[in-house]
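[1] below: sequence and its predicted model.
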Amino acid sequence: MSAFDNEHCKEVLGHYVTGVVVITATAKDGPAGFTCQTFGSLSVDSALVFFAATSASPSWQRVRDTGVLAVNILKDDQEALARQFARSGTDKFLNVGWFKAPNGSPFLEGAHAYVEGTIREVTNHGDHDIVVAEMDYAATEPGDPLVYYRGGYRRLA
């Protein structure tokens, strides 16, 4: 039996299309956020969503400490924003328009949809934390979502 090939696994899983979100929160020292492509609806009756965050990420740690967060589902013209929030060690909110959600989390201007919620559970699996949040607010805007497929950002059309 041969060893499991992680690179081949990444290539295979890259065939699954995902949406692109930016998770944000208002930390003690200002707004915090990061790009995330592992996100989904977990339950409608309790309104729960989930996402995966790199456990060691300083941005995730800042968001986690707040207890309340926003999920910004990006629109198909927001690839640059996705890339900006994916970088480490930079001011991710530099020149980014945003407004406060009902509980104070940053909603990014121009996003396709918005969710604000309260963190209910965090469990660690490998190098990622799986986060469950209960939605307190949700809204949509017209347009199409930004998607990620086979290692790159794409549009649906």
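    Arrived safely.
[2] can you give me the strands for this structure?
    For the chain, the strands defined by DSSP state E cover 18-19, 21-27, 30-36, 39-43, 48-54, 68-73, 98-100, 106-108, 113-125, 128-140, 147-149, 152-154.
[3] what strands line up against the fourth one, and which way round?
    In this case it means strand 39-43. Counting by DSSP bridges, the strands paired with strand 39-43 are strand 48-54 (antiparallel).
[4] returning to that earlier point: need the strands of the chain in a markdown table (columns: distance to residue 91).
    C-beta: built from backbone N, CA, C; applies to glycine. Shown next, in a markdown table, are those (distance: least, CB to CB, whole Å):
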| stretch | distance to residue 91 |
| --- | --- |
| strand 18-19 | 25 |
| strand 21-27 | 13 |
| strand 30-36 | 9 |
| strand 39-43 | 24 |
| strand 48-54 | 19 |
| strand 68-73 | 17 |
| strand 98-100 | 13 |
| strand 106-108 | 13 |
| strand 113-125 | 22 |
| strand 128-140 | 24 |
| strand 147-149 | 24 |
| strand 152-154 | 22 |
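[5] so which of these is nearest residue 8?
    Of all the strands of the chain, it is strand 147-149 that lies closest to residue 8, at 17.5 Å by CB to CB.
[6] please point out which parts of that closest one sit buried.
    147, 148 (16 or more other CB atoms under 10 Å).
[7] now do that strand: everything it contacts.
    For strand 147-149, contacts defined as CB atoms under 8 Å, 6 or more residues apart in numbering pick out 14, 15, 17, 18, 19, 20, 37, 76, 153, 154, 155, 156.
[8] low-scoring stretches of this protein, by residue?
    Applying pLDDT under 70 to the chain picks out residues 1-2.
[9] repeat the analysis, applying 80 as the threshold.
    By pLDDT under 80, the weakly predicted segments of the chain are 1-4, 157.
[10] who's residue 138 bridged to?
    Applying DSSP bridges, one finds that residue 138 bridges with residue 115.
[11] would you turn the contacts of strand 147-149 into CSV with distance to residue 49?
    Below are the contacts of strand 147-149 laid out as CSV (distance: CB to CB, whole Å):
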residue, distance to residue 49
14, 23
15, 24
17, 18
18, 14
19, 12
20, 15
37, 14
76, 21
153, 21
154, 23
155, 23
156, 21
